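Colleague: For reference, the sequence and a predicted model appear below.
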Amino acid sequence: MTNQNTDPSTSSYYVTDAFYEGLMRDFDSWDDDALRIDEGPNHVRASAMLKREARYLDQGRYQDWLSLFAAECAYWIPGTWHRGDPRREIAFAFHDRRQLEDRVYRLETGFAWSQTPASRTSRMVSNIEVFSTRTPGIFMVRSNFHTTEFWNGEMRFWIGNAVHRLYTHQDGTMKILAKQVNLLNCDENIRNPSITL
């Protein structure tokens, strides 16, 4: 049985100063054209994973979506266009594994008031670029997204770019270490998203 203090589903033990510093380092200056991977198996796997993630969310398959993340992970929606530091600047969301599991649990109860009725969504993912890193098996992936949400008679649009930090699992699949969602209008007065972006 896993010790509760080291189980990311029940404890935020890994979210330390060192974790934040690593996150800031990982998401700074990663998009060097010299590191871009234009083709090959890693590009194919990363593209397929992003498309699968969009499909799972559109279909409300939240447990399947959660399975795409590593055990120790982060999900981040900055409130500033230059991304900033989540320790010091406003974010729409900054979730570790435990908080992501809480979010999925609430959505699956059917009693999440902001999702009653449940939103219908259609996600488009494009302009996928894959970049290698100094760490073997770890990649940065940038994509553009356009999510259309229909909820309670209202149509809303969520547009921007996402950056995924992925690692290659021993079975050849890719897992999300961190996902950053950069909304185009993040510095405007917008209602907090009740859908998972």
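Modeller: That came in fine, so what should we check first?

Colleague: so residue 149 makes contact with residue 121?
Modeller: Yes. Counting by CB atoms under 8 Å, residue 149 touches residue 121, with 5.1 Å between them. Any C-beta I mention is one placed from the backbone N, CA and C, and that applies to glycine too.

Colleague: what is in contact with these two at once?
Modeller: By CB atoms under 8 Å, 6 or more residues apart in numbering, residue 149 and residue 121 have these common neighbours: residue 195.

Colleague: isn't residue 144 right up against residue 163?
Modeller: No. In this structure, residue 144 is not within contact of residue 163 by CB under 8 Å, at 11.0 Å.

Colleague: Looking only at neighbour counts, state which of these two leads.
Modeller: Legend: neighbour count by other CB atoms under 10 Å for residue 144 and residue 163, higher for residue 163 (21 against 16).

Colleague: Check what pLDDT the more buried one gets.
Modeller: pLDDT, residue 163: 97.

Colleague: how near is it to residue 109?
Modeller: Remark: distance between residue 163 and residue 109 (CB to CB, to the nearest Å) = 31 Å.

Colleague: repeat for residue 194
Modeller: In terms of CB to CB, residue 194 sits 14 Å off from residue 109.

Colleague: Which one of these two is surrounded by more residues?
Modeller: A direct count of neighbours by other CB under 10 Å for residue 194 and residue 109 places residue 194 higher, at 16 against 9.
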